[in-house]
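Enquirer: Please work out how this folds:
(chains A and B)
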Number of protein chains: 2
Amino acid sequence: MPHNRQIVLDNRPQGEASASNFKLITTDTPALQDGQVLVRHHYLSLDPYMRGRMNESKSYAQPQPLGEVMIGGTVGEVVDSRHPKFKPADSVVGMGGWQEYSVVDANVPGNLRRVDTTHVPLSHYLGAVGMPGVTAWYGLVKIIEPKAGETVTVSAASGAVGSAYGALAKARGCRVVGIAGGKDKCDYVVHELGFDACVDYKEHQDYLSLSKALKAACPNGIDGHFENVGGMVLDAVMLRTNAFARVAVCGMIAGYDGAPLPMANPALILVNRMKVQGFIVSEHMEVWPEALSELGQLVGSGKLRPRESVAQGIESAPEAFLGLLKGKNFGKQLVRI
Amino acid sequence: MPHNRQIVLDNRPQGEASASNFKLITTDTPALQDGQVLVRHHYLSLDPYMRGRMNESKSYAQPQPLGEVMIGGTVGEVVDSRHPKFKPADSVVGMGGWQEYSVVDANVPGNLRRVDTTHVPLSHYLGAVGMPGVTAWYGLVKIIEPKAGETVTVSAASGAVGSAYGALAKARGCRVVGIAGGKDKCDYVVHELGFDACVDYKEHQDYLSLSKALKAACPNGIDGHFENVGGMVLDAVMLRTNAFARVAVCGMIAGYDGAPLPMANPALILVNRMKVQGFIVSEHMEVWPEALSELGQLVGSGKLRPRESVAQGIESAPEAFLGLLKGKNFGKQLVRI
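Expert: Here you go, the predicted model:
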């Protein structure tokens, strides 16, 4: 029964989230009951959706309860098991949360999944071959439904979702254009991730200026867009959409702090006969096997080489998470435990 | 070769449209060539989409050329024919424009269609059993795809599109709630069109107030919405949408004058996993036969009794059109010629 350091949500943010919203505590892991598995976490995943859970207000999911361990995806190894399908040293993926160990009821479907690390590094099951990768897959394949030769775009292109999106779209014969913040990220998106172009939104003061840069990068207009950010980026993209463009809305990070975030010109939805559709990947579990299979092949074959930002130690999770919300990470943000 | 009074677009609006944008001229109808039909118009249809055509800027259709007869749907009778399929006294529907007569090349598919006035009055082929009716049908059936028991809403509920939408949605077992301007229109929507409720947007100063009224009228939330207006109405509806709500965007009348018309809270598209989709019914000709068949049956059986506002004489078309843009009409706006 090892000591378990945990990060709990201590209080809810007023406006911007801060480190003082979190608290580090230490508990003992309880003795296992029948059907339970004790997992030692190797990596914790940090994702923008967690910011939404910190609010009290209605969102697409239950708020994170105060005083409980923050929700989060984890990979690790089984250290003790009272479930016949799991044994010590198994590599597993689950939703262990912001802590060093978790006790998992392995009888609940989806709680714990064994994974093969022969061709795919364990940490990638939190990124390209995990929830972010499936998120990119669902938005691209099920909402955008791209045809070869079409131009598709994505915001936060250097991140875990964006990098998977790029590889998936190239595999379908699309022109793929990223939008990211800063020259380093844009260079990475083009030279390492293989996008056809990348536009640096930080070079633009407003959406009209950003839209001009998108016009140069997308000479045939935009047929599909995957939105991770919202605000100015989405406004700029909408001005460049072709007739019958499809927009998959996955994130509205700029609005989580409660600041008003209007859409500048919704009439374009009519003018260009657009489809704008929001989704949450956890509501579409039926696609996960197909998506994970394609993503695993892209990683195994080297066509998708995602970058990771790794913070050290569970105590570093709050600061790493706040950095993620400000775009300070480069690639998938993880905490090594 | 009768004299033909015509309304042409003389100049484009700067901001709000006005009567001075139009000019009445008189010409002689030319002699018929082979395959042509001379139609005397009985009714001209006035529709909000015409405002968009008056602008130079990019819209979903070509701008109305200056100096040419304004575009518009018409019903009338054949007075002379050099086409084997049409003979004098035939009742016909076409796009004859703002004039008393039109010369139609009847060999072009879709230019002229003979209709049966036994059970459906001729003028209704410009409304419930015409383009507006099919517009309602497409948005409801193909984009909203309602299930029995769901709550669906529509703005401009007393108009040609709204009234057809109500009858189509009731036929599918939905709770149908209208949004309209003024007590008279709301009473008509409930008592004559058979909607379950109607909310008067003119009683509300902002979208939050309107949204509260919608909450009372839609106690189970909103599953589908048909948007004819945009702006405050759409913002209010979005606040009341259920998860997986669908919004068919058909009109953004409040934006045609060039005023900025932002969407207040696009993050709701993600939070409620909404689908928001624009469409133009003329791009979906494949559904017209099925839609017109259902609409004709609803009118023939008395389940859909659309109201008409009828202006007299082609010279009244500009003022009647400007009134339509301000919501002064009550039901389908026509000009009797």
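Enquirer: Show the contacting residues for the most centrally placed residue in chain A.
Expert: Nearest residue to the geometric centre of chain A (Cα atoms, centre = their mean): A:P132, 4.1 Å. Neighbouring residues of A:P132 by Cβ atoms under 8 Å, 6 or more residues apart in numbering or on different chains: A:D47, A:L126, A:G159, A:A160, A:V161, A:A164, A:K332. From N, CA and C alone the C-beta is placed, and that goes for glycine too.
Enquirer: residue ranges of the strands in the stretch 51-200 of chain A, please?
Expert: A:74-81, A:91-94, A:101-105, A:112-114, A:151-155, A:175-180, A:197-200 (DSSP state E, counting those that start in this stretch).
Enquirer: how about these, which one is nearest chain B?
Expert: strand A:151-155 (13.2 Å; Cβ to the nearest Cβ).
Enquirer: tell me what that closest one is packed against?
Expert: helix A:160-170, strand A:175-180, strand A:222-227, helix A:232-239 (3 or more Cβ pairs under 8 Å, 6 or more residues apart in numbering or on different chains; DSSP states H and E).
Enquirer: just the angle between the longest one and strand A:222-227, please?
Expert: Counting by axes from the mean of the first three to the mean of the last three Cα atoms, to 10 degrees, helix A:160-170 points 160 degrees away from the direction of strand A:222-227.
Enquirer: Next, A:P13: phi, psi?
Expert: The phi/psi pair for A:P13 (degrees, to the nearest 10) reads phi -70, psi 140.
Enquirer: From B:I269, how far off is it?
Expert: 23 Å (Cβ to Cβ, to the nearest Å).
Enquirer: So for these two, which sits in the more crowded spot?
Expert: Higher neighbour count among A:P13 and B:I269: B:I269, with 27 against 17, using other Cβ atoms under 10 Å in any protein chain shown.
Enquirer: follow-up on the earlier one: let's have the strands of the stretch 51-200 of chain A in TSV, adding mean pLDDT and mean neighbour count.
Expert: What follows is the strands of the stretch 51-200 of chain A, written out as TSV (pLDDT from 0 to 100; neighbours: other Cβ atoms under 10 Å in any protein chain shown):
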stretch	mean pLDDT	mean neighbour count
strand A:74-81	98	21
strand A:91-94	97	21
strand A:101-105	97	20
strand A:112-114	94	18
strand A:151-155	98	31
strand A:175-180	98	28
strand A:197-200	98	23
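Enquirer: of all the residues in chain A, which ones are close to chain B?
Expert: A:58-60, A:230, A:234, A:243, A:249-252, A:255, A:260-267, A:269-280, A:283 (Cβ under 8 Å from any Cβ of the partner chain).
Enquirer: Next, the buried residues of stretch A:307-322.
Expert: Using 16 or more other Cβ atoms under 10 Å in any protein chain shown as the test for burial, stretch A:307-322 gives A:R307, A:E308, A:S309, A:A311, A:I314, A:S316, A:A317, A:P318, A:A320, A:F321, A:L322.
Enquirer: And the average pLDDT for that stretch is what?
Expert: For stretch A:307-322, the mean pLDDT works out to 96.
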